[in-house]
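K.L.:
Provided below are the primary sequence and the corresponding predicted coordinates.
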Amino acid sequence: MDHYNPCINDLGEIIWNQYGAAPNLISSTRGPVPGNYPFVLGLNDFEEICYDADLVSSNLSTGPHIFSSLHGVVINDIEQFQWGGGINDAGTMVWTGQADPNSPVWYVFEAIWVPTPVLTLVQTPGLALEWPTNAGGYHVQYATNLLSPAVWQRFSGNPVTNVGNFYQPIGPPVGNAAFFRLSTGSP
């Protein structure tokens, strides 16, 4: 097997990509790391991994895009590419890219994560989901049960803005029971 992209944190843990067989990420202390990390860029002392991968939207897939193993995609825009990068122990990620896709100028960008938004179930005339508008990169997913492996599906419909929150009614197509979460990843 081929090994590429070694990264080390301050605790001495080394991770690297392994090509030729699954899994594709190996840790010197944890062994095989579950998940899909196509091109690892960095590792901090809290086991958060910075990596680049393709971003998929409908039938279009583009790359490279920077992801965090804890937070998902950094910029959820298939035309906003990110190259290189790394992560520190505070979880701050850096990379290079263009300010807009047509610009010949490259910049260094920094992502500082905001706290994970809270998804709230509210009762109006019916049931609805609410979450803060500062979490614009998130979308709702649902599962009809949480038995392993839980199958999460993208919740259909578009949220509307309601007094600083996104608001999305829950309709009958989810079944008798449903579990909801916010996600920045697929589906």
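P.N.:
Sure, I can see it. Residues are numbered from 1 along each chain as shown.

K.L.:
Every contact and neighbour count from this point should use C-alpha atoms.
P.N.:
Noted.

K.L.:
The helix or strand bottoming out on mean pLDDT in the chain packs against which elements?
P.N.:
Of the helices and strands making up the chain, the lowest-confidence element is strand 160-162, at a mean of 85, by mean pLDDT, DSSP states H and E. Counting contacts by 3 or more C-alpha pairs under 8 Å, 6 or more residues apart in numbering; DSSP states H and E, strand 160-162 is packed against strand 165-169.

K.L.:
Residue 45 reaches residue 8, doesn't it?
P.N.:
No: taking contact to mean C-alpha atoms under 8 Å, the distance of 9.1 Å between residue 45 and residue 8 leaves them out of contact.

K.L.:
mind listing what's buried in the least confident helix or strand of the chain?
P.N.:
Within strand 160-162, no residue counts as buried by 16 or more other C-alpha atoms under 10 Å.

K.L.:
quick one: contacts for residue 145?
P.N.:
Shown in contact with residue 145 (C-alpha atoms under 8 Å, 6 or more residues apart in numbering): 151, 177, 178, 179.

K.L.:
Where does pLDDT dip in this structure?
P.N.:
136, 172-175, 186-187 (pLDDT under 70).

K.L.:
So the residue positioned nearest the centre of it versus residue 21, what's the distance?
P.N.:
The central residue of the chain, meaning the one whose C-alpha is nearest the mean C-alpha position (C-alpha atoms, centre = their mean), is residue 72 at 1.3 Å. Using C-alpha to C-alpha, to the nearest Å, residue 72 is found at 24 Å from residue 21.

K.L.:
same check, this time on residue 151
P.N.:
On the measure of C-alpha to C-alpha, residue 151 and residue 21 end up 25 Å apart.
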